[in-house]
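1. Predicted model and sequence follow; I will ask about them next.
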Amino acid sequence: MDEIQKAKRDSILYTIGFCIGLATLLIDVIPVIAVGAIIFCPYYAIKGLRKYKKLKKLQLVGSRPLGSTSPQEYFHL
């Protein structure tokens, strides 16, 4: 599995974990685990999505013909 697919999978799993934690908190079954999921899962989901977007952008830049990108594009990554 390449890095792009791995980053996408991780962000989806963290988002699902956030939803499960939120549902658990609303049900009041295991509030400690739910609070941990609500605090940490969105952070890792956003981090994973940023990594996915960055890797996807690098892949697009890498697939262009040589010399078609300006040096400024590499600094924004």
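-> That came through, no problem. Numbering: from 1, shown residues only.
2. my guess is residue 52 contacts residue 4, does it?
-> Yes: Residue 52 is within contact range of residue 4, at 6.5 Å (criterion: CB atoms under 8 Å). Placement of C-beta: from N, CA and C, glycine included.
3. More neighbours: those two, which one.
-> A count of neighbours by other CB atoms under 10 Å puts residue 52 above the other of residue 52 and residue 4, at 20 against 16.
4. gap between residue 22 and residue 14?
-> Computed as CB to CB, to the nearest Å, the residue 22 to residue 14 distance reads 13 Å.
5. mind showing which ranges of this structure have poor pLDDT?
-> Low-confidence segments of the chain, defined by pLDDT under 70: 1, 29-30, 61-77.
6. Centre of the chain to the helix ranked longest in it, how far?
-> Across the chain, the longest stretch assigned as helix under DSSP state H is helix 31-62. Distance of helix 31-62 from its chain centroid, counting by CA atoms, centre = their mean, to the nearest Å, is 3 Å.
7. what packs against it?
-> Packed against helix 31-62 by the contact rule (3 or more CB pairs under 8 Å, 6 or more residues apart in numbering; DSSP states H and E) you find helix 3-27.
8. center of this structure - which residue?
-> Per CA atoms, centre = their mean, the C-alpha nearest to the average position across the chain is that of residue 48, at 1.9 Å.
9. gap between the residue nearest to that residue when sequence neighbours are not counted and residue 18?
-> Sequence neighbours aside, residue 11 is the residue nearest to residue 48 in space, at 3.1 Å (criterion: CB to CB, 6 or more residues apart in numbering). According to CB to CB, residue 11 stands 11 Å off from residue 18.
10. Pull the contacting residues for residue 24.
-> For residue 24, the contact set (CB atoms under 8 Å, 6 or more residues apart in numbering) comprises 30, 31, 33, 34, 37.
11. what's the spacing between the residue nearest to the third one when sequence neighbours are not counted and residue 10?
-> Right, the one you point to is residue 33. Leaving aside its sequence neighbours, residue 33 sits nearest to residue 24 (CB to CB, 6+ apart; 6.5 Å). Distance, residue 24 to residue 10, by CB to CB: 21 Å.
12. How about residue 21?
-> Taking CB to CB, one finds residue 21 at 16 Å from residue 10.
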